[in-house]
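Asks: Need coordinates for the following:
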Amino acid sequence: MATATSERVELAKHCSSRNWSKAIRVLDSLLAKQSSILDICNRAFCYNQLELHKHVIKDCDKALLLEPCAIQAFILKGRALLALGRKQEAVLVLEQGYKNALQQTADVKQLLELEELLTDARREIDATESRQETPASHSEKSDEKTDKLDNHESGACSNGNSHDHEASRELGEKSKIISFSKDTSKASKQSDGSSDLCNGSAYKEKENGKCGSQINGSYESCKPCNGSDLHDNLAESSDRLGDLSINGNKLIIKSSKMSHKAEARCDETRKNKKYTIARISGTHSISVDFRLSRGIAQVNEGNYMKAISIFDKVLKEEPTYPEALIGRGTAYAFQRELESAIADFTKAIQSNPAATEAWKRRGQARAALGEYVEAVEDLTKALVFEPNSPDVLHERGIVNFKSKDFTAAVKDLSICLKQEKDNKSAYTYLGLAFASLGEYKKAEEAHLKSIQLDSNYLEAWLHLAQFYQELADHCKALECIEQVLQVDNRVWKAYHLRGLVFHGLGEHRKAIQELSIGLSIENTIECLYLRGSCYHAIGEYRDAVKDYDATVDVELDAVEKFVLQCLAFYQKELALYTASKVSSEFLCFDIDGDIDPMFKEYWCKRLHPKNVCEKVYRQPPLRESLKKGKLKKQDLAITKQKANVLRFADLIGKRIQYDCPGFLPNKRQHRMAGLAVIEIAQKVSKAWRIEWRNSTKGTTKSGKKNRRRERTNILSQNRGGAGCSSNSFSETSTGYASLEDRSSGRSMLSWQDVYSPAVKWRQISEPCDPVVWVNKLSEEFNSGFGSHTPMVLGQAKVVRYFPNYERTLTLAKSIIKDKLSVRSKKDKVIDLSKDEKIEKIMRAETCDELHKIVGEDFWVATWCDSTGSEGKRLEGTRITCIQKPGRLGYDFSIRTPCTPARWSDFDEEMTSAWEALCNAYCGENYGSTELDALETVRDAILRMTYYWYNFMPLARGTAVTGFVVLLGLLLAANMEFTETIPKGLQIDWEAILNVEPDSFVDSVKSWLYPSLKINTSWRDHPDISSAFSTTGAVVAALSSYND
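Replies: Residues are numbered from 1 along each chain as shown. Sure thing, here's the model as predicted:
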């Protein structure tokens, strides 16, 4: 091993020959043995010679941490900041250095150098401000002449016209490597290369003192709009393959996305920029460092093939040269040749195992391939050689976030920010990680801090907008999106996000407008799919099919987006089906009866449609569907009578709204709910009138029993009439005529007939949601397919449902204590009666602790006490706890299987509950307008609702349909709910977490009953099934509020 003296000799030799990268390696070795302010400044000087300004700043900061009055560090840092165009920061640094130099006055030369630099920096700022005040026509002219080097080539600057999370990810901090001006190059060549590296003489600027190497104008003028990502989720926009730097010749490269406005500013500066390096011939006499500089410059300009060619020449002479390998690997990475990039980074590591940047780059490339475990390993290795490096911690924090290890992400990013308090990107991803962990206040603070650092940082605004959207604070979300568009109105992601917000609010036509603007900027699968679903919902089926076809044809840049293509296939078929029904009566719209069970199952599970294509009947082409379902103008017209009904429906429909995080107020769903409530009230009211009429004719008790037995037999043969029969809805419940048995004159309305209108209205209101009766799927019904509602996914807390976590955990522990066992994933009994496990379980405070005590994945079933059969218990929902791989936490959720046996039990219970309700109202209380007299009716309605929520017979939509029917039944009994559901309360969870129906009734009646008032005027409205008789009329009614 070389002695310190021999290393000093070697250092002098490399500096004399201008071999700065090798000089840096020697300095790395010296600093690894002993931290010296002089050597840190020497290394900063070498980085300065290689124009690697970020590393200059980093070393200067280290030096100033050790010695706050290190004048040379202030000089070098000031120069680096000027070179990066960060003039205001440079002035602050130089002023501090000048102040310290005045107090020391030990080195007059340094004092004069600081004074000159400070004067020139201030002059530069004044000149910039003067240029900014010139007429806008100047910048408009520069827009017309776009430098070829500005064209987007696989990750170079762009206006945001890129796929959402595109293939080439932003590499690093927002600073491009600049080249010396002609005069600067001369100054460098005239340097005597003395061993006193930090005397500043080797890096003089032009004689007038101005910085000759600005990066594309100012730093702020070249911000990316949102980077470019590999994945489709806005929250996962951290696939950065950048901030490239190499240990030794540390290469820093950036490929940013920027707006047209920003490009124009960059273009203007490039015109005035002198690239002398590009004019140096690639002969063998040229030093390796200069060739590396040429390669770096080509990468910066997006000329990746040229860069690779230059690095190839270096590697031909020195095949294991680490810096060239990392440079070429970087160029490969930008071209999405990630395997080649990883191969080069691996060779660099083999050549120099201590090459921090090689480990870092390989980690980034692996992350881009989705190899998160390997990526974290590489970045962790980089931290071995550069402990607590904010750059590496930043990168590892982002990778941890992408791999859903949010706790580790928070830890890494927090440590990074202790060192780099102005790292806006770190704050952004810290906000994303906090949000996933349910720390919403901290998340908001982190996002706002990022914006405070840079009010034009588009990525931060977009993430903050999505954060507010997920919390259902749509006003703040729209404000953030507006901020993005004020900075750059060509960011397609902003229009997509605004489209998502409007879609969530039920304003589909507004969403279409926003998505169309986004598609005019860039043809993205996200905008195409969402716009297609909006067209589908409002009945513009031709445009919907066109967008669905375009979605399927898009060339994907990420596997995660394939699910959108699968959904587009299924939803096109459903759009064609609906188009064929638009002129038919709405009761003929029957997804459950008409659509193949396998198709529905694959749609619910988002599976590849290959089997469906081969085995399931496809809908006819759009032309035939539209011919079959031609709309009549009167169906679309909103008459005065219809308008009155819609106003009342809107008023009632608002009552379904949950005042909880994550639930946007959707006016389309409100109208759907209101119309369904009125239709159910009208339908049930007529059935009760028939029932009451029959009872007044002297129906005996034995006659009632026979009628119940008769109805039960029909249901057991037909599993649910309207929504669940083996025949179509029209065959089992074709209208009010079916309410009366032709032979006996008795009511034949079943509980399924009551709920089916709500299900159908929910299906047509948002046709892309798979709302179907579970028992109408394929053989999956027999294996227990059902709903799945997560509270915790790994480490992430689900914003809508996590508020129910504590109660669910408490209930799970109570059930385990009662049963002394749980069930495994394979449905085997796990005995917990030994080793004091029950005591430990009762002390567990989290699902993590609970899982560790049980020792494996498990589930435990809740139960419901039967009202119809005394002493009988029905299986409720299954509380499940499943461990994720590695340190990624646990899935804690409720899953409700619907096996034939369970369906039969709940079918019988619902039949009993419906019978009890009919008996409660159709006796002496029929037609009563006294609230006190109707209490037994209200209780019966709540009991029926309780069993519906625990039954969960739908793949999706059980909660809203349950409350819609509750409101409809109350209205049928002349009771209108006039208030709103209490804040923070989700009524379906109240039912699920209560094992006794009376407990549920007591908890709900406390706020529901005081809000009821008698209303008989609702009967004056026209019959819903007549006013909106066709499917087309229903769709028009749901979409008319935007007209």
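
Asks: Could you pull out the buried residues of stretch 822-837?
Replies: Neighbour-count burial for stretch 822-837, with 16 or more other CB atoms under 10 Å as criterion, is recorded at Val822, Arg823, Ile830, Leu832, Lys837. Just so you know, the C-beta spots here come from the backbone N, C-alpha and C atoms, and that holds for glycine as well.

Asks: Contacts for the host helix or strand of Cys604, please.
Replies: Using DSSP states H and E, Cys604 sits within helix 597-605. If you take CB atoms under 8 Å, 6 or more residues apart in numbering as the criterion, helix 597-605 is touched by 567, 570, 573-574, 591-592, 607-609, 611-612, 615-616, 770, 772, 776-778, 780, 785, 955-956.

Asks: Go through those residues and flag which are in helices.
Replies: Leu567, Tyr570, Glu573, Leu574, Ile591, Asp592, Asn611, Val612, Lys615 (DSSP state H).

Asks: Please dump the residues you listed into TSV; it should also carry neighbour count and distance to Ala324 for every row.
Replies: Listed next are those as TSV, based on neighbours: other CB atoms under 10 Å; distance: CB to CB, whole Å:
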residue	neighbour count	distance to Ala324
Leu567	21	46
Tyr570	22	51
Glu573	22	54
Leu574	22	56
Ile591	25	62
Asp592	25	65
Asn611	12	51
Val612	22	52
Lys615	10	56
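
Asks: and the residues you listed, which two are the farthest apart?
Replies: Pairwise distances across the ones in helices among the contacts of helix 597-605 peak at 20.4 Å for Asp592 and Asn611 (criterion: CB to CB).

Asks: which regions of the chain sit below the pLDDT cut-off?
Replies: 1-4, 105-109, 111, 127-287, 625-636, 697-747, 779-785, 1042-1043 (pLDDT under 70).

Asks: the domain parsing of it - what is it?
Replies: 1-126, 640-692+903-1038, 786-897 (the TED database).

Asks: now the first one, how far from the chain's geometric center?
Replies: Same thing as domain 1-126. 43 Å (CA atoms, centre = their mean, to the nearest Å).

Asks: swap in the longest one?
Replies: The chain centroid and the centroid of domain 640-692+903-1038 are separated by 34 Å, computed with CA atoms, centre = their mean.

Asks: returning to what we had before: include distance to Val487 when you put the domains of the chain into CSV, please.
Replies: Shown next, in CSV, are the domains of the chain (distance: least, CB to CB, whole Å):
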stretch, distance to Val487
domain 1-126, 18
domain 640-692+903-1038, 26
domain 786-897, 28
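
Asks: Which one, of the ones you listed, ends up nearest to Val376?
Replies: domain 786-897 (9.7 Å).

Asks: distance between the ends of the closest one?
Replies: Distance across domain 786-897, first residue to last, is 4 Å (CA to CA, to the nearest Å).

Asks: now for the longest strand seen in the chain, which elements pack on it?
Replies: Taking DSSP state E as the criterion, the chain has its longest strand at strand 873-883. For strand 873-883, the packing partners by 3 or more CB pairs under 8 Å, 6 or more residues apart in numbering; DSSP states H and E come out as helix 805-819, helix 847-854, strand 858-865, strand 890-897, helix 900-921, helix 935-951.

Asks: Can you give the contact residues for that strand?
Replies: By CB under 8 Å, 6+ apart, the residues outside strand 873-883 that reach it are 808, 811-812, 815, 825, 847, 850-851, 854, 857-866, 889-897, 902, 905-906, 909, 947, 950, 952, 992, 995.

Asks: Helix 805-819 and that strand, what's the angle between them?
Replies: With axes from the mean of the first three to the mean of the last three CA atoms, to 10 degrees applied, the angle from strand 873-883 to helix 805-819 works out at 120 degrees.

Asks: For Gly1032, see how far away Val582 is.
Replies: 4 Å (CB to CB, to the nearest Å).

Asks: nope, Ala916 is what I meant
Replies: Here the distance between Ala916 and Gly1032 works out to 39 Å (CB to CB).

Asks: For the two, indicate the residue with more neighbours.
Replies: Legend: neighbour count by other CB atoms under 10 Å for Ala916 and Gly1032, higher for Gly1032 (23 against 17).

Asks: Please produce a ChimeraX select command covering the buried subset of the contacts of strand 873-883.
Replies: Paste this into ChimeraX to select the buried members of the contacts of strand 873-883, with burial taken from 16+ other CB under 10 Å:
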select :808,811,812,815,847,850,851,854,857,858,859,860,861,862,863,864,865,866,889,890,891,892,893,894,895,896,897,902,905,906,909,947,950,952,992,995
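
Asks: re the thing from before, pairing partners for the longest strand of the chain, with directions?
Replies: Using DSSP bridges, strand 873-883 pairs in its sheet with strand 858-865 (antiparallel), strand 890-897 (antiparallel).

Asks: And these: which comes nearest Thr929?
Replies: Among the strands paired with strand 873-883, strand 858-865 sits nearest to Thr929 (CB to CB), with 33.1 Å.

Asks: which residues are contacting the closest one?
Replies: 811-812, 815-816, 819, 822-825, 830, 851, 872-881, 895, 909, 946-947, 950, 992-993, 995-997.

Asks: Please identify the buried residues of the longest helix along the chain?
Replies: In the chain, taking DSSP H as the definition, the longest helix is helix 667-696. Going by neighbour count (16+ other CB under 10 Å), the buried part of helix 667-696 is 667-695.

Asks: quick one, it and helix 900-921 angle?
Replies: Going by the same axes, to 10 degrees, helix 667-696 makes 60 degrees with helix 900-921.

Asks: Quick one: neighbours of Ile308, just the number.
Replies: Ile308: 22 neighbours (other CB under 10 Å).

Asks: Are we agreed that it is in a helix?
Replies: Yes - per DSSP: H, G, I helix; E, B strand; the rest coil, Ile308 lies within a helix segment.

Asks: Tell me which residues touch it, please.
Replies: Contacts of Ile308 by CB under 8 Å, 6+ apart are Arg328, Ala331, Tyr332.

Asks: Tell me which residues of stretch 373-389 come out buried.
Replies: Glu374, Ala375, Val376, Asp378, Leu379, Lys381, Ala382, Leu383, Phe385, Glu386, Ser389.

Asks: what residues does that stretch touch?
Replies: 247, 354-357, 359-360, 362-364, 366-367, 392-393, 395-396, 399-400, 403, 405, 415, 419, 886.

Asks: Weed out the non-buried ones from the residues you listed.
Replies: 247, 354-357, 359-360, 362-364, 366-367, 392-393, 395-396, 399-400, 403, 405, 415, 419.

Asks: so where does Asp557 fall, helix or strand?
Replies: Judged by DSSP H and E, Asp557 forms part of no helix or strand.

Asks: Any idea how many residues pack against it?
Replies: Asp557 has 22 nearby residues by other CB under 10 Å.

Asks: mind checking how far it is from Asp848?
Replies: From Asp557 to Asp848 the distance is 36 Å (CB to CB).

Asks: and what of Thr5?
Replies: When Thr5 is compared with Asp848 (using CB to CB), they lie 57 Å apart.

Asks: Same question for Val771.
Replies: In terms of CB to CB, Val771 sits 34 Å off from Asp848.
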